[in-house]
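Asks: Provided below for reference: sequence and predicted model.
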Amino acid sequence: MSDDMLRLAHAGLAPSRIDRLVESWGSPTAVVDGIESGRITVADGIRAAVGVSAEVRRTALETIGATWVTRNDDAYPAKLGAHLHAPRWLFRRGETSAAPALAIVGTRTCTAYGIDLAMAYGAAAAEMGWTVVSGLARGIDRAGHVGALGASGHATAVLGSGIDVVYPRSNRDIHDQILESGGAVVSEFPPGTRPDGWRFPTRNRIIVGMSDIVLVVEAGETGGALITAGIALDWGVPVYATPADVDRPASAGTNGLIRDGAFPVFDADDLRDVLGLVAPIVRAGAA
């Protein structure tokens, strides 16, 4: 585990910029030296953050019950690590699962139809031994996690903020239930990081990379769910979507995905058939 990489992970720089710096300077150590010497120009706050020792950072992570894993660690999710553009590290609370994983994503401004379906999908996946991955956002994300937890399943939430920053705050209950039930909360952003808008599209690639299938339940013509679907298509992860009325704004995106080649899923029984073809059925609670 690289001490200098851990220091960079706490720097407050965009992960993509850290990637470019490491590639151009040759190593995390060279980047840290460049920042501390002033040869790499950064804001004073970033230079100060890099100056904090790895030992201090690890102690702070232990205090909040978090760990830090890199792509070279056995604890790094293998499925995610297989992708070329996976993050160099993750901050993690709880335990991820090696089971097959279904990403349930969709709009925050969803309908009751979408909430009911997302909950049913989450429950169906959990009953078949699948992990449910989502972004802990309002709407479809929350509903998918609620369904999985209600069926005593494993859930993983991927944050667009620091590992200790729950956003929105109204989802604190789901966040805590995920951890209490043996699930995981992960982020590539260091503790204390605010949920700035640009971070959410960035975190969507982690949702995709941790999943075997991406299911879009409801989505408008634009938004994060369609970004996630686009990443999945680029990375070779199958995309499924639920159709709805053609004049329903909350389903314009899902209907469009199906038009463009996404596989349709109509209800929980239909999803069970799909999951059963991808991985063996393992009922929740089975040995």
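Replies: Great, that's in hand.
Asks: secondary structure element for the residue nearest to Pro201 when sequence neighbours are not counted?
Replies: Leaving aside its chain neighbours, Pro201 sits nearest to Ile227 (5.1 Å; criterion: C-beta to C-beta, 6 or more residues apart in numbering). Yep, even glycine has a C-beta here, placed from its N, CA and C like the rest. Using DSSP states H and E, Ile227 sits in helix 224-235.
Asks: average pLDDT for that helix?
Replies: The pLDDT scores in helix 224-235 average 92.
Asks: ok, Ala9 touching Trp68?
Replies: Yes - contact status for Ala9 versus Trp68: in contact at 6.8 Å, counting by C-beta atoms under 8 Å.
Asks: of these two, which one has the most company?
Replies: Relative neighbour count places Ala9 above the other of Ala9 and Trp68, with 26 against 21, counting by other C-beta atoms under 10 Å.
Asks: contacting residues for the more buried one?
Replies: Contacts of Ala9 were listed using C-beta atoms under 8 Å, 6 or more residues apart in numbering, and they are Ile18, Trp68, Arg88, Trp89, Phe91, Glu188, Pro190.
Asks: same question, Thr111
Replies: Shown in contact with Thr111 (C-beta under 8 Å, 6+ apart): Glu218, Arg248, Ala250.
Asks: if we use 7 Å, what do you get?
Replies: Counting by C-beta atoms under 7 Å, 6 or more residues apart in numbering, Thr111 makes contact with Glu218, Ala250.
Asks: dihedrals phi and psi, it?
Replies: Backbone geometry at Thr111, expressed as degrees, to the nearest 10, gives phi -100, psi 170.
Asks: can you count the residues close to the closest residue to Pro87 other than its chain neighbours?
Replies: Nearest residue to Pro87 in three dimensions, chain neighbours excluded: Glu188, at 4.3 Å (C-beta to C-beta, 6+ apart). Neighbour count of Glu188, defined by other C-beta under 10 Å: 24.
Asks: quick one: the strands in the stretch 151-287 of the chain?
Replies: 155-158, 184-187, 213-216, 239-241, 263-264 (DSSP state E, counting those that start in this stretch).
Asks: okay if I get those as JSON lines plus mean pLDDT?
Replies: Output for the strands of the stretch 151-287 of the chain, formatted as JSON lines (pLDDT from 0 to 100):
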{"stretch": "strand 155-158", "mean pLDDT": "97"}
{"stretch": "strand 184-187", "mean pLDDT": "97"}
{"stretch": "strand 213-216", "mean pLDDT": "96"}
{"stretch": "strand 239-241", "mean pLDDT": "96"}
{"stretch": "strand 263-264", "mean pLDDT": "94"}
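Asks: which stretch among the ones you listed comes nearest Leu275?
Replies: The closest of those to Leu275 is strand 213-216. By C-beta to C-beta, the value is 7.6 Å.
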